[in-house]
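Trainee: Here's a sequence, model it:
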Amino acid sequence: MVIRARGLHFFLIILVSLDFVYGNAGPSETTNVIVGEPIGLTQVAIGREDLEIDFRSLTVGGEARVTATYQLVNASATETLQLAFALGSDASHSHTIEMDGVAVSGKLADSDRDLPSAWWPPKTTPPLRGDSRPLRFGGWSSIRPLLFDLTIPTGTSVLTVSYTEKVKIIFARPAMFRQFAYILAPAKSWSSFKDLNLSIRVPDGWEMATNLNLKKSLNTFSGRFESIPVDAIEFTLRPPIDTRLFVIQRYRSYAMLALFILVIVGSWRSGRKKILASRDQALGRSHYQPSLAHHAKNIVLHAIIASCIIGFSCYWVSLGLGVLFPMSSSEESIRRQLGLSDGYTQIFIFIGIVLLTFMTLVIVFVQGFIQFYIAKRAASATAGNAGN
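Mentor: Next comes the predicted model:
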């Protein structure tokens, strides 16, 4: 009995803990890209970097805008280098490269370049409120970098690189996740690196989680680091969600388990009460025997009511949340444009609801017949004692 109870609890938790989702079969996420620091072994040092990543255009399906400004310190003679920026996809565009205010031309490499393992994108990005596990990110071990030749004079100079890049989107209701990673590891190939000033701008009301400890002021996250803090900065973002949804998701599995127990116990007590009432009405009769035809109607009625309660409750705490907390028009537009959906998750959840509803029906139906036969045996024993 303990094993069955635990198994039922596990089934309820699995069913109602699935994120409610909609849609026909289709991809559940977009591909990710690699974004990072300029690559190039050199004796030139990076004395300071101001890195700004602007996510505000994500509200309309736009891209992230990355602007990195480097203070280069060359203690030796003028040096000419071919640098590579790890942009990671052909989707990168609007490249702007300036050296001391003078534009520098760059172009994408003709083929992919292999990356050291330390430069690979992270496997996950941090979870947001209401999520217990990091989100899978991953990526490739090679990229197609942006190449540019750079002449670095003796002394201090300023290199500015700016471009836009797509973010990875994971389908979810009522708001989709956005993932982004900026690879800092290549900066270790310079002579030295210090003083990273980071500024992240997000849309109004959006949540953001990162693997760095940043200060928040309105819609801007900022931080200052004396050296390279991590190999890759990980970001997870999401539009605002009604707080009531998190409360429901947090307690729904326990509420459903309590409701299931209450329904089963209530059906047992109600059925037993019906049988006792019938017995009391027949106290004056001799040789009273419970009638299956008389009690079958009550048994079926109890089973239908109990299964409907469980079925409708499971629906409203899983798939029904999409009705109570619908996706915003902008999110729905982005979803349709990208062709994202939950695949077959909705179908699996619906099948789970049907199975749990049917299981409730069978349990209540069986316990009703058990009550009937217990009452019948008791009546037979009473009749036998009276005969003696």
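Trainee: Okay, buried residues for stretch 181-196 please.
Mentor: Judged by neighbour count using 16 or more other CB atoms under 10 Å, the buried positions of stretch 181-196 are 181-187, 190, 193, 196. The C-beta positions use only the backbone N, C-alpha and C, and glycine is treated the same way.
Trainee: Where helices are concerned, which of these count?
Mentor: Judged by DSSP state H, the subset of these located in helices is empty.
Trainee: Taking those residues, tell me the two that lie furthest apart.
Mentor: Looking at these by CB to CB, the two members farthest from one another are A181 and W190, with 20.3 Å of separation.
Trainee: Please enumerate the helices of the stretch 101-250 of the chain.
Mentor: Read by DSSP state H, counting those that start in this stretch, the stretch 101-250 of the chain holds these helices, from start to end of the chain: 243-281.
Trainee: Pass me the low-pLDDT residue ranges in it, would you?
Mentor: Within the stretch 101-250 of the chain, the ranges that satisfy pLDDT under 70 run 109-115, 139-144.
Trainee: can you pull the contacts of L262?
Mentor: Residues in contact with L262, defined by CB atoms under 8 Å, 6 or more residues apart in numbering, are absent; none qualify.
Trainee: Same list (the buried residues of stretch 181-196) but as TSV, adding distance to I310.
Mentor: As requested, those are arranged in TSV below (distance: CB to CB, whole Å):
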residue	distance to I310
A181	43
Y182	48
I183	49
L184	51
A185	52
P186	56
A187	57
W190	63
F193	60
L196	55
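Trainee: From these, pick the one nearest R238.
Mentor: The closest of the buried residues of stretch 181-196, once distances to R238 are taken by CB to CB, is A181, at 16.0 Å.
Trainee: Could you break the protein into its assigned domains?
Mentor: Using automatic domain parsing, the domains assigned to the chain come out as 2-12+243-387, 31-238.
Trainee: Of the ones you listed, which stretch is the most buried?
Mentor: Ranked by mean neighbour count under mean count of other CB atoms under 10 Å, the domains of the chain are led by domain 31-238, which reaches a mean of 17.
Trainee: Can you name the residues that contact the closest residue to A209 other than its chain neighbours?
Mentor: Distances taken as CB to CB, 6 or more residues apart in numbering place P126 nearest to A209, at 3.9 Å, with adjacent residues excluded. Taking CB under 8 Å, 6+ apart as the criterion, P126 is in contact with 134-135, 209-211, 234, 236.
Trainee: Make a markdown table out of the residues you listed and add distance to L147.
Mentor: Putting these into a markdown table (distance: CB to CB, whole Å) gives the following:
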| residue | distance to L147 |
| --- | --- |
| P134 | 33 |
| L135 | 32 |
| A209 | 33 |
| T210 | 29 |
| N211 | 29 |
| E234 | 26 |
| T236 | 31 |
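Trainee: I figured L198 hits T220, correct?
Mentor: No: assessed by CB atoms under 8 Å, L198 is found out of contact with T220, at 10.5 Å.
Trainee: can you state the direction angle for the longest helix seen in the chain and helix 243-281?
Mentor: Counting residues, the longest helix in the chain under DSSP H turns out to be helix 345-387. The directions of helix 345-387 and helix 243-281 differ by 20 degrees, with axes from the mean of the first three to the mean of the last three CA atoms, to 10 degrees as the criterion.
Trainee: for the nearest residue to C314 once chain neighbours are set aside, what are its contacts?
Mentor: Counting by CB to CB, 6+ apart, the nearest residue to C314 once its immediate chain neighbours are dropped is I353, at 4.6 Å. Contacts here follow CB under 8 Å, 6+ apart; on that basis I353 touches 15, 311, 314-315, 318-319.
Trainee: how about a cut-off of 7 Å?
Mentor: Counting by CB atoms under 7 Å, 6 or more residues apart in numbering, I353 makes contact with 15, 311, 314-315, 318.
Trainee: quick one: which of these is nearest K216?
Mentor: Within these, the smallest distance to K216 is 33.1 Å, found for S318 (CB to CB).
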